[in-house]
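**Q** I'll drop the sequence and a predicted model, then ask my questions.
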Amino acid sequence: MMAEVRPIIVKRINKVAGGHHGGAWKIAYADFVTAMMAFFLLMWLLGSTSKGDLQGIAAYFATPLRVAMSGGSGSGDSSSVIRGGGKDLTREEGQVTKATNPLQKKTFDLKSAQADLERLEAKRLEGLKAQISAAIDANPMLKQFKNQLLLDITTEGLRIQIVDEKNRPMFASASAELQPYTKVILHAIGKMLNTVPNKISLAGHTDATPYANGGTAYSNWELSTDRANAARRELITGGMDEDKMLRVVGLASAIPYNNVDPFNPINRRISIIVMNKRTEDAIVNDNGGLSATDEKALKVGLSAPAK
């Protein structure tokens with residue numbers, strides 16, 4: 001019996017390689033890496049940029065493109081924020097950034113500097129006042145005349161007044177001749193006036209008693225002027241720089257210290273003002289006019305009824 005011959009069947013399996021997935025994922029990955037690089041680069045730039053530059057960047061991105069390119073209405077309704085942008089390539093002002101007027105800034109700086117100078121000057125005059133007060137207390141001779149030395153700070157500066165007392169006049173009667181103790185006072189003050197750079201104003205005053213023998217040729221006006229000049233000479237003898245004196249005037253009885261009693265001896269006085277810069281400038285520009293305090297006192301003195 002013959003064996004049954006079976007046909008040999010060869011199965012050929014065609015192996016098909018995995019289908020091609022395409023390169024889209026690579027592009028997406030590259031985009032992701034690029035975005036991450038850009039992000040970290042942005043973080044680095046933001047971390048190393050000053051606050052002012054950041055504000056400029058923010059202002060730039062807040063500006064509509066149409067405004068940045070050609071100007072016109074926008075978020076600030078102004079011109080282009082880009083330097084030289086827009087239709088006028090010479091324009092520099094921006095839309096978002098706030099314009100600053102250099103003149104206004106200069107004026108503000110000038111006022112601020114002037115205020116600082118005035119504060120320093122006031123402090124310096126207060127120091128001079130304290131220095132003179134201390135010198136009076138330390139000098140036994142000056143201390144006995146302390147009631148005749150009046151020190152105060154006015155709008156013009158430091159005012160030093162040497163006044164008469166009933167039994168202790170500064171000058172010989174009806175004369176411009178200084179008493180010895182008055183010279184000592186003026187010499188001591190003259191030395192201290194050189195410790196500050198301020199200019200000096202000096203005024204002589206009398207009471208309302210008419211000058212007895214002068215008539216119209218020589219009156220209290222001439223007497224007060226001569227007394228002011230005598231005080232000026234003693235200040236310079238005491239050591240004050242002659243160039244510091246800016247004004248010497250005689251005011252007779254026009255500006256009494258005591259308005260109620262124009263014949264009171266206290267009205268006979270020498271008034272020394274260590275002027276602040278504002279008063280000095282006012283006198284220079286006004287060609288030697290009266291200071292504000294003198295003008296006010298003059299009005300009060302002229303309007304007050306004589307007693």
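**A** That came through, no problem. Only a predicted model underlies this, so the values are computations on that prediction, with no experimental measurement involved. Numbering: from 1, shown residues only.
**Q** alpha carbons only for contacts and neighbour counts from here, please
**A** OK.
**Q** List the residues that contact Ala208.
**A** Each residue near Ala208 by CA atoms under 8 Å, 6 or more residues apart in numbering is listed here: Ala252, Ser253, Pro262, Phe263.
**Q** of all those, which comes closest to Trp221?
**A** Closest approach between those and Trp221, by CA to CA: Ala252, at 4.6 Å.
**Q** Could you pull out the strands in this protein for me?
**A** 149-153, 157-163, 200-205, 245-250, 269-275 (DSSP state E).
**Q** List the buried residues in the shortest one.
**A** Translated: strand 149-153. Leu149, Leu151 (16 or more other CA atoms under 10 Å).
**Q** sorry, back to before: next step: the contacts of Ala208 restricted to helices.
**A** Among those, no residue falls in helices (DSSP state H).
**Q** picking up where we left off before, tabulate the strands of the chain (TSV), appending distance to Thr34.
**A** Below are those laid out as TSV (distance: least, CA to CA, whole Å):
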stretch	distance to Thr34
strand 149-153	75
strand 157-163	73
strand 200-205	78
strand 245-250	79
strand 269-275	74
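**Q** name the helices or strands packed onto the top helix by length along the chain?
**A** When the chain is parsed with DSSP H, its longest helix is helix 102-138. Judged by 3 or more CA pairs under 8 Å, 6 or more residues apart in numbering; DSSP states H and E, helix 102-138 is in contact with helix 140-143, strand 149-153, strand 157-163, helix 180-193.
**Q** Just tell me which of those ends up closest to Asp207.
**A** strand 157-163 (11.0 Å).
**Q** Need the contact partners of the closest one.
**A** The contact list for strand 157-163, computed with CA under 8 Å, 6+ apart, reads 122, 125-126, 129, 148-153, 169-170, 265-276, 279.
**Q** Quick check on those: which are buried?
**A** For the contacts of strand 157-163, a neighbour count by 16+ other CA under 10 Å gives the buried set as 122, 125-126, 129, 148-149, 151, 169-170, 265-276, 279.
**Q** where does this structure have low pLDDT?
**A** Scanning the chain with the threshold set as pLDDT under 70 gives 1-5, 10-22, 52, 59-108, 213-216, 287-307.
**Q** at 50 instead, please
**A** By pLDDT under 50, the low-scoring segments of the chain are 1, 67, 72-84, 89, 95-99, 288, 297-307.
**Q** circling back: now neighbour count and distance to Ser50 too, for the contacts of Ala208, in TSV please.
**A** Formatted as TSV, the contacts of Ala208 follow (neighbours: other CA atoms under 10 Å; distance: CA to CA, whole Å):
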residue	neighbour count	distance to Ser50
Ala252	25	69
Ser253	24	69
Pro262	24	71
Phe263	19	74
